[in-house]
Each structure stands twice: as C-alpha cells, then as structure tokens.
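Participant: Any chance you can model this:
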Amino acid sequence: MNTRTSRGTCSLRTFQSTILAALLLGSGCASLDASRELDLAAYTADRVGGSMTPAEAWSLPVEGESPAWNGVDPLTYEDAVAVALQGDPELRRALAVIVERQAQYVQQGLPPNPTVAFGVGTAVDGLSGAPLFVQGIQMLSWIWKNPYRVSAAEAQLRAAIYTAAERCVDVAARTRTELAAVLAAQETLDLEQQYVQITQKTLDLVRAMHEAGELAHLELDRAIVDHEQALTAMVASEYTLKNARLELLGTMGRPTATTDWIAQGELPPNWAIPTDEEALLDLAAIGRLDVAARSESVRQIGAELGLAETLRFPDVGFTLRYQDNSSGRRAVVPGASITLPILDNGDPAIAMQMAKLRQAELELLASIETAQRQVRIGLNHYLDARTRTSIIRDGQLDAAIAAQTRSDAAYAEGEVDLNTLLMTQRQRIAVERSLVEQQFRTMQSMCELRRAVGGSFDPAAVTVPKIEIEARSSASKQESSS
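Facilitator: Numbering: from 1, shown residues only. Below you'll find the predicted structure:
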C-alpha cells in the first residue's frame with residue numbers, strides 16, 4: 001500500500017505539472033511591477049508644468065522635505081506646483097490605485113487553478129477494485145471568457161492612469177489660483193498700509209489746524225474716524241493674507257508649515273491664451289483627462305457585457321483520472337464536465353450590463369458637455385476680468401491718483417474742505433483695491449480655463465496619450481491620439 005501511495009503521489013505531481021504547463025503556455029506573463037504604468041501617468045501629467053516633473057515629485061516622500069522650496073524663500077508658481085505634486089495625499093492615493101489596477105489586470109489574465117481529487121481505498125470483497133485514484137479537474141470556459149475579463153481590466157487600468165493625471169491638473173490649478181490669492185492679499189495689504197500712512201498725514205494736518213483754531217473739532221473727529229477705519233482695514237488684510245497662505249499650504253500638503261514667507265510672481269502671469277472659442281473647444285476635445293477616463297469606463301462595461309453574453313454558452317471542464325486497482329492494473333481516464341445554461345440562460349446578467357453600458361455612455365456624454373460648458377464659461381470669465389482690469393488700470397486709476405494729488409494741494413491751500421479730501425483719498429484706495437481684485441479674478445479665470453481645456457494651452461502637451469497595456473514587461477509604448 002505504501003508503494004502504491006508513493007506511486008500515486010508521484011503521478012499526482014506529474015499530472016499537476018503537465019496541466020499547469022499546458023495552461024500557462026497561453027496565459028502570458030504579465031508583471032505585477034506597475035512602474036511602467038506609473039511612468040505613463042507621469043508622462044500624461046507633464047502638461048501641468050512646475051519646477052519638478054511629476055515623476056521627480058513622486059519619487060520623494062509625500063511628507064518629506066521638498067527640494068523645490070525650503071519653506072522660507074519666496075514662493076513662485078512653479079515651485080508651489082512642484083511641492084503640491086509631491087505632497088498631495090489624494091494624488092498618492094490615485095497612484096496606489098494604479099498599482100492595484102495593475103495587479104487586478106495580472107489577476108484577470110491568469111487561468112483558474114486546477115482542482116485535484118484523490119483517494120486511497122482497500123478492497124473488502126476479495127475482488128480486484130480501485131483502491132487508489134488521482135483526478136485532476138480544469139475548467140476550460142476561461143478560454144473564451146478570459147479576453148473579456150482582460151479587456152475590462154485594461155480599461156480600468158487606463159482609467160486609473162488618466163484619473164491620476166487629472167488629479168495633477170486639478171492640484172496644479174488650485175495651487176496656482178491660491179498662490180495668486182496670496183499675491184493679491186500681499187498687494188492689498190501694501191495698499192492698506194499706504195492708506196494708513198495717508199490718513200495719518202491727514203490726521204496730523206487736521207489736528208495741527210484744529211489746535212491753531214482754524215478748524216472745528218468736528219473736522220478732527222472725521223479725520224480720526226477715517227484713520228481708524230484705515231487701521232481696521234489693514235488688520236483685516238493681514239489676517240486675509242495669513243488665511244490665503246494657510247489655504248495654499250494645505251493644498252501643497254504642508255498644512256503645518258510656517259506662514260513667514262512671501263509669494264513671488266506676476267498677477268496675472270503672461271500666458272499665451274487663445275481667445276477663439278472653437279480653438280479652446282478643440283483643445284478640450286483632445287485634452288480632457290476626465291473624459292478619457294470616462295471613455296475607458298464605457299469600454300470596461302462593454303467588455304463586461306461581452307463576458308455576460310458568455311453565460312449563454314455551457315461551462316466546460318476537462319478531467320483526467322488516474323487509477324490503480326488492487327491487481328496492479330492501471331488506467332488513465334480522460335473526461336469532461338459540462339454545465340448547461342438551462343435555468344439561468346444569462347439574459348438577466350446581459351440586461352443588467354446593457355443598462356450599465358447605457359448609464360456609462362450617458363455619463364460620458366455628460367462629462368463631454370460639462371467640459372464644453374466649462375470652456376465657454378471660463379473664456380467668458382477670462383475676457384470679463386481682463387477687460388475690467390484694462391479699464392481700471394488704463395482709465396480709473398490714473399484719474400483717481402490725479403484727483404487725490406489735486407485734492408491734497410487744494411486742501412492745503414484752503415480751496416476744498418476736509419470731506420472732499422477724504423473722499424478723494426477713499427476713491428483712490430477703492431480703485432487700487434478694485435484693480436488688485438480684477439487682476440486676481442483674471443488669474444483665477446486663466447487657471448479655470450486652463451483646467452477646462454485639460455491642463456495646458458499647448459496642443460502637443462495637452463493631447464491625451466493613447467495608452468497600450470502590455471501583457472509582458474517591456475519598454476513603454478505610447479502614441480498620441482489624433
């Protein structure tokens with residue numbers, strides 16, 4: 001009996017090796033290493049700009065120090081984007097999803113494990129029997145189901161790559177907008193400080209004239225109120241600036257960093273932005289990563305629909321049985337098992353997948369329409385803010401400065417009263433505040449429009465790459481879609 005058991009064990013191992021070798025010959029050799037897919041995500045996200053590439057930023061610890069900015073030096077747009085690409089936890093989570101989807105893709109490419117059954121018995125009737133048998137069972141239905149599973153997994157993996165790159169576009173847009181808010185807050189605080197100095201000079205002049213008996217105490221009260229209001233506005237601007245810095249640091253993944261630094265850059269920067277609506281819509285059509293990810297969702301559900309349709313076919317399994325009876329007679333018995341789709345013919349599963357496919361197609365349509373709406377609204381906001389900025393800078397500001405200068409001189413000569421002087425001072429500071437606000441709105445709309453077209457105004461940079469998922473580890477392959 002021990003001899004038979006040993007012989008059966010050897011036969012079992014040989015049988016397993018034979019079956020596994022035959023199955024793995026056609027199953028491919030996909031790698032669990034997701035470095036190629038992460039490189040593709042970094043390549044796709046290069047459109048966002050920054051003083052570090054996405055790949056360089058992702059190679060650094062998410063909570064580690066950034067070589068782009070030490071937290072003390074003046075912070076520029078490009079350095080802020082680089083730090084944000086390194087420090088955003090949600091972005092790292094999106095990268096982890098890519099790794100998960102790569103493993104899922106490998107999993108779907110593998111054939112099902114074979115099932116082995118065996119038994120050892122003893123004849124009790126004095127006749128020859130079959131005291132030892134070894135049986136292997138391998139389902140073969142995966143041969144026609146596997147392509148659909150792999151196609152669905154490929155679509156999920158591509159969608160994860162596009163989603164991670166889209167996260168970069170979102171982070172870069174918010175970072176630039178919030179840095180612009182810091183720049184605007186810095187300029188506003190500078191204006192408020194200047195206004196405090198102006199009202200202080202006016203207060204000193206009025207106090208001197210009051211003490212000389214040339215002005216009533218009411219005039220002094222008005223000057224004091226105006227100066228105190230200027231001080232209040234200055235304090236409010238200081239806290240607004242700190243809040244803007246805190247918001248930016250949070251977006252950059254550095255929420256506990258010090259706020260003792262200044263932002264540096266133009267408000268707004270000089271970007272080459274197309275103002276033709278059709279050109280911008282064309283950019284969005286080739287550049288929106290969220291639309292590309294949604295398209296992959298449609299492909300995924302289309303593959304799952306194909307998988308559901310295979311339920312109409314029988315499930316087939318292959319069996320191979322080895323047996324050794326008491327008389328030493330051995331036999332190999334091949335066979336098959338078939339599950340017939342009689343009670344469940346697959347129609348409910350197909351109907352569900354068709355409904356899901358319709359939902360995914362409508363979601364894709366909605367994302368396309370959202371992109372178009374965002375482009376048109378973003379362009380309108382940009383033109384509006386740019387036009388108002390030009391009017392204020394080229395018209396109102398010069399007039400307000402001239403009015404205040406003349407009012408100061410006229411008041412010193414006694415030609416105008418204090419109310420006129422204070423009014424012209426308030427008008428100038430109001431115009432300058434309005435200019436800063438419109439400059440910020442211009443930058444905000446520029447970032448909004450850049451995000452709406454996909455992250456860049458350069459057609460070569462913004463074009464969504466067509467990603468080919470490879471079953472075997474090799475050099476990266478990618479080509480731009482037309």
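
Participant: Nearest the middle, which residue of the chain would you pick?
Facilitator: Arg167 (0.9 Å; Cα atoms, centre = their mean).

Participant: backbone phi and psi for it, please?
Facilitator: phi -60, psi -40 (degrees, to the nearest 10).

Participant: Could you report the separation of it from Gly302?
Facilitator: Using Cβ to Cβ, to the nearest Å, one obtains 25 Å as the distance from Arg167 to Gly302. Bear in mind the C-beta positions are built from the backbone N, C-alpha and C, glycine included.

Participant: Also Gln186?
Facilitator: Taken as Cβ to Cβ, the span from Gln186 to Gly302 is 52 Å.

Participant: Mind pulling up the pLDDT for Thr370?
Facilitator: Turning to Thr370, the model gives it a pLDDT of 97.

Participant: For it, which three-state class applies?
Facilitator: Using DSSP: H, G, I helix; E, B strand; the rest coil, the three-state assignment for Thr370 comes out as helix.

Participant: how close does it sit to Glu211?
Facilitator: Taken as Cβ to Cβ, the span from Thr370 to Glu211 is 66 Å.

Participant: ok, the two, which is more surrounded?
Facilitator: Thr370 (14 against 10; other Cβ atoms under 10 Å).

Participant: OK, contacts around that one?
Facilitator: Shown in contact with Thr370 (Cβ atoms under 8 Å, 6 or more residues apart in numbering): no residues.

Participant: All the helices of the protein, residue numbers only.
Facilitator: Taking DSSP state H as the test, the helices found in the chain are 2-25, 35-44, 54-58, 77-87, 89-109, 142-211, 217-251, 277-287, 289-309, 347-391, 397-412, 418-453, 459-462.

Participant: Now do the fifth one: everything it contacts.
Facilitator: Defining contact as Cβ under 8 Å, 6+ apart, one finds that helix 89-109 is touched by 27-28, 30-34, 37-38, 41, 58, 62, 85, 146, 149-150, 152-154, 156-157, 159-161, 163-164, 167-168, 171, 253, 469, 471.

Participant: quick check: angle from it to helix 142-211?
Facilitator: For helix 89-109 against helix 142-211, the angle by axes from the mean of the first three to the mean of the last three Cα atoms, to 10 degrees is 180 degrees.

Participant: For helix 89-109, the averaged confidence score.
Facilitator: Rounded mean pLDDT across helix 89-109 is 94.

Participant: Could you check that helix and say which residues are buried?
Facilitator: For helix 89-109, a neighbour-count test (16 or more other Cβ atoms under 10 Å) marks 91-92, 94-95, 97-99, 101-102, 104-106, 108-109 as buried.

Participant: which one among those residues gets closest to Ala230?
Facilitator: Leu91 (42.9 Å; Cβ to Cβ).

Participant: Could you report the distance from the closest one to Val97?
Facilitator: Counting by Cβ to Cβ, the gap from Leu91 to Val97 is 11 Å.

Participant: What of Gln425?
Facilitator: Taken as Cβ to Cβ, the span from Gln425 to Val97 is 57 Å.

Participant: And for Arg254?
Facilitator: 24 Å.

Participant: Next one, pLDDT for Gly8 please.
Facilitator: pLDDT at Gly8 comes out at 43.

Participant: Oh, that last question was meant for Pro314, not what I typed.
Facilitator: Reading off the model, Pro314 has pLDDT 85.

Participant: How much space separates the closest residue to it other than its chain neighbours from Val316?
Facilitator: Using Cβ to Cβ, 6 or more residues apart in numbering and skipping residues adjacent in sequence, the residue nearest Pro314 is Ile338, 4.9 Å away. According to Cβ to Cβ, Ile338 stands 6 Å off from Val316.

Participant: Give me the neighbour count for the residue nearest to Pro314.
Facilitator: 9.

Participant: Determine the number of other residues adjacent to Arg358.
Facilitator: Residues near Arg358, counting by other Cβ under 10 Å: 12.

Participant: Would you mind measuring from Ile98 to Ser151?
Facilitator: 18 Å.

Participant: Kindly report the same for Leu241.
Facilitator: Counting by Cβ to Cβ, the gap from Leu241 to Ser151 is 53 Å.

Participant: If you count surrounding residues, which of the two has more?
Facilitator: Comparing Leu241 with Ser151 by neighbour count (other Cβ under 10 Å), the higher total belongs to Leu241, at 22 against 19.

Participant: What pLDDT is listed against the residue nearest to the more buried one when sequence neighbours are not counted?
Facilitator: Spatial nearest neighbour of Leu241, chain neighbours left out: Ala185 (3.9 Å); criterion: Cβ to Cβ, 6+ apart. Ala185 carries a pLDDT value of 97.

Participant: How about stretch 32-52, which residues are buried there?
Facilitator: By neighbour count on 16+ other Cβ under 10 Å, the buried set for stretch 32-52 is 34, 36-52.

Participant: Could you do stretch 342-351 as well?
Facilitator: 349-350.

Participant: Can you give the distance from that stretch to the centre of its chain?
Facilitator: Averaging C-alpha positions (Cα atoms, centre = their mean, to the nearest Å) puts stretch 342-351 38 Å from its chain's average.

Participant: start to end distance for it?
Facilitator: Start and end residues of stretch 342-351 are separated by 17 Å (Cα to Cα, to the nearest Å).

Participant: I'd like the mean pLDDT over it, please.
Facilitator: pLDDT averaged over stretch 342-351 gives 88.

Participant: Residues in contact with it: which ones?
Facilitator: 305, 308-312.

Participant: Kindly recompute the last result at 7 Å.
Facilitator: 305, 308-309, 311-312 (Cβ atoms under 7 Å, 6 or more residues apart in numbering).

Participant: same check, this time on stretch 220-227
Facilitator: The contact list for stretch 220-227, computed with Cβ under 7 Å, 6+ apart, reads 199-200, 202-203, 206-207, 210, 418, 422.

Participant: and with 8 Å instead?
Facilitator: 196, 199-200, 202-203, 206-207, 210, 418-419, 422, 425-426.
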